[in-house]
Structures are given as C-alpha cells and as structure tokens.
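Q: 3D model of this:
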Amino acid sequence: HPHRRQRAASPMMTSSSSVSDPKTSGSARASPADVQAAYDAVVRLLARRAMSQAEVLSHLATRGYATELSHAVLERLRALGYVADEQVAQTIARRAMREGRGPAWAQQQLDARRVDTRAGATVVSELAGQELSLATRIVAARWPHGRPNDRAEIDKLARRLARRGFSQDVIYRVLGLSED
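A: Predicted coordinates:
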C-alpha cells in the first residue's frame, strides 16, 4: 500500500525514539493524519457494503492499526451512523427473505459477520415468525400442481430446505411428513 509508506515517512510522525509507530503501538498517541487514514480506509469499504462493528475493528487490526486508534475510528463511524450492527442484521434479513432462506441461514450469516447478539436475535426472531409461510411459498413454486407422490423428489426438496436454513419442524409441516 503506497499510503502506508507515506505515513511511515511522514514528517507529522514524531521522530523521537521514545514514541513508536501509532499505527502498531497501543500506547502511543495517533496523529490526526493516522486517524483520518484509518477512517478513510473503512469508509471506502463501507461504500461497497455495510460492515458490523467487529468487522471494522478486524479490518483495521489486519492493517496494523492500534486498538486505541481503531476504537476511535469506530466511535466516529457510529456517531455518524455509518456503522450499526442493526443495519447489518436488517440487510441479512432482507437477503434471507429475497432469496428464500430460513432463520438458521440468517443466524449463520450473523455469526460469520460477528453482528451483535441482540441485533441478530431480533432479526432471527422475525424470520422465525415468517418461516412457515416462506417455506410454503418455496414448495408451491417448486410444485405448482401439488405435492408429488415420489418420495425421492420430496426428500430432495426437504434437503434443499434444510440447506437453506429452515427448521426440521417447518420442513416436515410444509412437506406433509411425519416426524417418525
């Protein structure tokens, strides 16, 4: 990254031996230029997709920014409304509904993106309330003329619904299967 090389050679950095690189040292004070560079790096990513708070901190840590500086950048982003785990959770919920995915899939996505547990629980709860109707729509689209008698075809759709994050109870109910 050419931007990093510029910062390392920047005259804004103190050249005393008692102060180390604020990008990597947690004890040194970061210069406004360092904070701005970290902020700009995250904003460029946020322009592409929403990020959870944990993703922002991880991104900055991966690039070698100190924890104190990373938290300062995160607070600034939160204050401006650029980073909110609730927004990420809602984005995942909309995607789940659009793509016909169940609550287990949404939970997996929330966990992978390290979204705050409270924000994620709300979304998963809302999806669980719509799980049966969503699964019913998927089955109706797959079998517009009714349920076939072919057990292999039924099992195939059951596996597909399971992969898409639907609960076993909902799969059995929507396919008319017994839980034996």
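Q: which residues are contacting stretch 93-107?
A: For stretch 93-107, the surrounding residues in contact (CB atoms under 8 Å, 6 or more residues apart in numbering) are 92, 109, 120, 123-124, 126-128, 130-131, 134-135, 137-138, 161, 164-167, 170. All C-beta spots, glycine's among them, are computed from the backbone N, C-alpha and C.
Q: Which strands or helices does the helix or strand hosting Ala37 pack on?
A: Element membership for Ala37 (DSSP states H and E) is helix 32-48. Secondary-structure packing of helix 32-48 (3 or more CB pairs under 8 Å, 6 or more residues apart in numbering; DSSP states H and E): helix 2-8, helix 53-62, helix 67-79.
Q: That one: how far from the chain's middle?
A: 19 Å (CA atoms, centre = their mean, to the nearest Å).
Q: Mind listing what's buried along it?
A: Residues of helix 32-48 classed as buried by neighbour count (16 or more other CB atoms under 10 Å): Asp34, Val35, Ala37, Ala38, Tyr39, Ala41, Val42.
Q: Let me know the average pLDDT across the lengthiest helix in the chain.
A: Ordering each helix of the chain by length in residues (DSSP state H) puts helix 117-142 first. Taken as a whole, helix 117-142 carries a mean pLDDT of 92.
Q: same thing with stretch 48-64?
A: Mean per-residue pLDDT for stretch 48-64: 94.
Q: Can we start the residue count at 664 from this point?
A: Yep, numbering from 664; the last one is stretch 711-727 now.
Q: what comes into contact with it?
A: By CB under 8 Å, 6+ apart, stretch 711-727 touches 667, 686-687, 701, 704-705, 708, 730, 732-734, 736-737, 740-741, 746, 748, 750-751, 754, 776-779.
Q: and if you look at stretch 788-804?
A: Contacts of stretch 788-804 (CB under 8 Å, 6+ apart): 756, 759-760, 763, 765-766, 769, 810, 820, 824, 827, 829-830, 833-834, 836-838.
Q: ok so, going back, hmm, which of the contacts of stretch 756-770 are the buried ones?
A: The neighbour-count test (16+ other CB under 10 Å) marks 755, 772, 783, 786-787, 789-791, 794, 797-798, 801, 824, 827-830, 833 as buried among these.
Q: For the closest residue to Asp779 other than its chain neighbours, grab the count of nearby residues.
A: Leaving aside its sequence neighbours, Asp779 sits nearest to Asp748 (CB to CB, 6 or more residues apart in numbering; 4.0 Å). Using other CB atoms under 10 Å, Asp748 is surrounded by 23 other residues.
Q: Confirm for me that Ile817 is in contact with Pro811.
A: Yes: here Ile817 reaches Pro811: they are 6.9 Å apart, a contact under CB atoms under 8 Å.
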